[in-house]
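Sequence and predicted structure, then a few things I'm wondering about:
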Amino acid sequence: MNLPPRPINEPLVSPFLFLRLINGTIILTLLTVASGFWLIHLNGPLKMDPHCITNCAKYQFADIRAIAFNTLDFGAISVTLSVRFTYNSSFSKKIFTGNKYCWYSIGLVIILQIFTTYCPFVNTKIFQQNPMDGTQWGIVLLFALIVFLVMEFEKYVYRVLRRRKTKTVQET
């Protein structure tokens with residue numbers, strides 16, 4: 001509210017913001033799907049059967065749903081942390097200050113995510129997923145980190161291109 005209003009002829013979504021939206025959507029979608037395929041790969045040559053009781057693959061469809069759901073959610077948290085600063089790097093102490101409600105919402109989302117992953121009736125009947133093991137959490141956290149790093153790399157490229165453009169304009 002301290003800033004002047006944006007000019008009328010300026011678009012609501014800048015080309016850079018549109019690129020960030022597309023990039024974030026693509027990377028988050030790819031990693032969510034990849035997390036499921038990673039679990040399938042960990043099963044080896046066994047076939048998955050949703051009604052299997054004995055001699056099953058280690059990870060079933062309910063496990064794949066759980067890892068995909070958590071990858072998507074924790075990836076979205078990574079996007080949230082990255083977009084707190086539109087152009088500047090989020091690798092700063094400033095990320096921990098400024099907007100306490102952002103951290104409240106992240107904490108609430110993590111609590112709800114853990115609840116939906118481990119609460120017996122909620123995870124099996126409503127979300128049709130199994131509780132996750134350490135391997136699955138490792139994949140989720142790795143992919144959340146990758147989302148964050150890709151979003152930060154995108155801002156870094158933007159800053160480099162902006163500096164080059166500024167230098168080119170000053171030289172001419």
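Right, received. Where do you want to start?

What ranges in this structure fall below the confidence cut-off?
Counting by pLDDT under 70, the chain contains low-confidence ranges at 45-56, 167-172.

List the buried residues for stretch 28-41?
Neighbour-count burial for stretch 28-41, counted by 16 or more other Cβ atoms under 10 Å, picks out Leu28, Leu31, Thr32, Ala34, Ser35, Gly36, Trp38, Leu39. Using the backbone N, CA and C atoms, a C-beta is placed for each residue, glycine as well.

For that stretch, report the contacting residues that lie outside it.
Contact partners of stretch 28-41, identified using Cβ atoms under 8 Å, 6 or more residues apart in numbering, comprise 48, 59, 63-64, 67-68, 71-72, 75-76, 79, 136, 139-140, 143, 146-147.

Same check on stretch 97-116?
So stretch 97-116 is contacted by 69-70, 73-74, 77, 80-81, 84, 96, 122-123, 126-127, 129 (Cβ under 8 Å, 6+ apart).

Give the ChimeraX command for selecting the buried subset of the residues you listed.
Of the contacts of stretch 97-116, the buried ones go into a single ChimeraX selection, burial set by 16+ other Cβ under 10 Å:
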select :69,70,73,74,77,81,123,129
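
Using TSV, please lay out the contacts of stretch 97-116 together with secondary structure.
Compiled in TSV, the contacts of stretch 97-116 are given as follows (DSSP: H, G, I helix; E, B strand; the rest coil):
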residue	secondary structure
Phe69	helix
Asn70	helix
Asp73	helix
Phe74	helix
Ile77	helix
Thr80	helix
Leu81	helix
Arg84	coil
Phe96	helix
Val122	helix
Asn123	helix
Ile126	helix
Phe127	coil
Gln129	coil
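
can you dump the C-alpha coordinates of the helix or strand where Ala66 lies into PDB?
If you go by DSSP states H and E, Ala66 is part of helix 61-82. Coordinates of each C-alpha in helix 61-82 appear next as PDB, following Å, rounded to 0.1, in the frame of the first residue of the first chain:
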ATOM      1  CA  PHE A  61      -0.700 -47.500  -5.500                       C
ATOM      2  CA  ALA A  62      -1.600 -46.100  -2.100                       C
ATOM      3  CA  ASP A  63       2.100 -45.400  -1.500                       C
ATOM      4  CA  ILE A  64       2.400 -43.700  -4.900                       C
ATOM      5  CA  ARG A  65      -0.600 -41.500  -4.100                       C
ATOM      6  CA  ALA A  66       1.000 -40.600  -0.800                       C
ATOM      7  CA  ILE A  67       4.300 -39.600  -2.300                       C
ATOM      8  CA  ALA A  68       2.700 -37.700  -5.100                       C
ATOM      9  CA  PHE A  69       0.500 -35.800  -2.700                       C
ATOM     10  CA  ASN A  70       3.300 -34.900  -0.400                       C
ATOM     11  CA  THR A  71       5.700 -34.000  -3.300                       C
ATOM     12  CA  LEU A  72       3.100 -31.600  -4.700                       C
ATOM     13  CA  ASP A  73       2.400 -30.000  -1.300                       C
ATOM     14  CA  PHE A  74       6.000 -29.600  -0.200                       C
ATOM     15  CA  GLY A  75       7.000 -28.500  -3.700                       C
ATOM     16  CA  ALA A  76       4.300 -25.800  -3.300                       C
ATOM     17  CA  ILE A  77       5.900 -24.700   0.000                       C
ATOM     18  CA  SER A  78       9.200 -24.400  -1.900                       C
ATOM     19  CA  VAL A  79       7.600 -22.200  -4.500                       C
ATOM     20  CA  THR A  80       6.100 -20.100  -1.700                       C
ATOM     21  CA  LEU A  81       9.600 -19.600  -0.100                       C
ATOM     22  CA  SER A  82      11.100 -18.700  -3.400                       C
END
